[in-house]
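In: What would the 3D arrangement of this be:
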Amino acid sequence: MRRRSTIAWMLLCLPGAAVAQDFQWHGYIDARLQSSSSDENSWIDGGLGKTRFGADAGNALQFGGAALVGTWQVTPSLLAVTDVQASAATSPKIGLLDAYVRYRPVSTTPWRWSVKLGAFFPPISLENDGIAWTSRWTLTPSAIDTWVGEELRTFGAEFRLEHRGNYGSFGFGLAAFRNNDPAGELLATRGWALGDVTSVLASRLREPDVLAGLVGSSAPLHFDPFTENDGRTGWHGDLTWDAPGGGKLSLLRYDNRADPETFSTHGTHTVFSWHTRFWSLGGRWPVGDFELLGQWIDGSTSFEPAPDFYLDSKFHAGYLLVGWNHGKWSPALRYDRFRIRQLPDFLPAPLSENGSAWTAALNWRPKEWLRVTGELLRVDSTRNQRLLEGLSPRQVETQAQLSLRLLF
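Out: Okay, the predicted model is just below:
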């Protein structure tokens, strides 16, 4: 009895500890049935296919993935978050998606500020707001968020200032980071893709096998996207408006400030720095039971593998999504456009591409712990790099998935 009284007295002496020592965990496990009409291997297996499951997918039944998210409210002002993911499509199979702490003092005025430290996703995505950076509307995220999940992560600190008023909340964020110098390499060497494969913090990403001969190496080729080569600090800044009714507008500028002449050697493979910078503009707006999402990014990624040989890949992508919250049923439809133009134009086979995609999904939530999703994805893309594999530059790929996801 005395021991319990002593512990209770100690907790009461810690400011807010009795109510703030709150640990919660959530997660999911996902099983998939899939069918693909693609003639190409998926980019996951070194091909140029644009969908997660390609000609080499194998069995129709697949492990869709699993995740465990832990949040610890250490004090009323201090929050710790960590996401662990398991996926058969990543290397390694199990790892951290992000891990950070956020300090946000309790505010009694319209102004509020916070600082976040660790490894976390830059605030780009408007659709991936579910458990472990997943979408509530579709299985397959947009081309934009597929790329963000694969190659971008903020290893550093972010300061955020908010003002809350009658017209919503206005926010400003500024982050400084390291360890993301190769970001952009997949866009340049493989192009855009659409799939729910998110890199863990120690990932090794696979490049197209057709590159092996061009760089005098052998397949498979891998690289670590979270590498520091030049000692420079990158940054991203954003302006946001969260409307009272749930709408949101966001403008972001990203620049990893990588020196395109620097590189590091990992085993027998050289990992170059890619100077990647872009603008992102997006919004989310509820209209009755419907929700409208749209986003557009425009930028470039460049590197200089040899003196006076500077390659610059201009890229842009965008999507429009409409979702309907209709009780236990939530249908969604999304349209993507994407393009890459590699400069200089006089190269014998510039790695440029142009494409679009339609995604239709139907979600059914009969229970809070169960989500069943059927999805149909059609990608129409033209990329002359396919000539190196003996394929036509234009390919139309159709992928169907049925997901059974248990939530806890």
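In: Helix or strand for Gly95, just tell me which one.
Out: strand 94-103 (DSSP states H and E).
In: Tell me which strands that strand pairs with, and in which orientation.
Out: strand 78-86 (antiparallel), strand 111-120 (antiparallel) (DSSP bridges).
In: Now those in a markdown table, please, with extra columns for mean pLDDT, mean neighbour count and distance to Gly245.
Out: For glycine as for every other residue, the C-beta is placed from the backbone atoms N, C-alpha and C. Below are those laid out as a markdown table (pLDDT from 0 to 100; neighbours: other Cβ atoms under 10 Å; distance: least, Cβ to Cβ, whole Å):
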| stretch | mean pLDDT | mean neighbour count | distance to Gly245 |
| --- | --- | --- | --- |
| strand 78-86 | 97 | 19 | 26 |
| strand 111-120 | 98 | 16 | 20 |
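In: With respect to Ser403, which of those strands lies nearest?
Out: Across the strands paired with strand 94-103, Ser403 has its closest neighbour in strand 78-86 (15.6 Å, Cβ to Cβ).
In: Return the distance of that closest one from the chain's centre.
Out: Relative to the centre of its chain, strand 78-86 is centred 16 Å away, using Cα atoms, centre = their mean, to the nearest Å.
In: Pull the residues that contact it.
Out: 65-74, 93-104, 132-133, 198, 200 (Cβ atoms under 8 Å, 6 or more residues apart in numbering).
In: For PyMOL, write the selection for the buried entries among those residues.
Out: Buried residues among the contacts of strand 78-86 (16 or more other Cβ atoms under 10 Å), as a PyMOL selection:
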select buried, resi 65+66+67+68+69+72+73+74+95+97+98+100+102+104+132+133+198+200
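In: which residues of this protein score low on pLDDT?
Out: Judged by pLDDT under 70, the chain has its weakly predicted residues at 1-21, 216, 267-268, 346-349.
In: Find the centremost residue of it, please.
Out: Against the mean C-alpha coordinate of the chain, by Cα atoms, centre = their mean, the closest residue is Gly149 at 2.1 Å.
In: sec struct for Ala212, please.
Out: Here Ala212 is recorded as helix under DSSP: H, G, I helix; E, B strand; the rest coil.
In: could we number from 47 for the rest of this?
Out: Noted, 47 is the first residue going forward, which turns the last one into Ala258.
In: Next one: it from Ser264, what distance?
Out: As for Ala258, its distance to Ser264 is 5 Å (criterion: Cβ to Cβ, to the nearest Å).
In: okay if I get the strands paired with strand 140-149 as CSV plus distance to Trp325?
Out: Shown next, in CSV, are the strands paired with strand 140-149 (distance: least, Cβ to Cβ, whole Å):
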stretch, distance to Trp325
strand 124-132, 27
strand 157-166, 21
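In: Name the residue in Ala258 and Ser264 with the higher neighbour count.
Out: Ala258 (15 against 10; other Cβ atoms under 10 Å).
In: and the closest residue in space to that one that isn't next to it in sequence, how far is that from Ser245?
Out: Nearest non-adjacent residue to Ala258, counting by Cβ to Cβ, 6 or more residues apart in numbering: Ala265, 4.3 Å away. For Ala265, the distance to Ser245 (Cβ to Cβ) stands at 20 Å.
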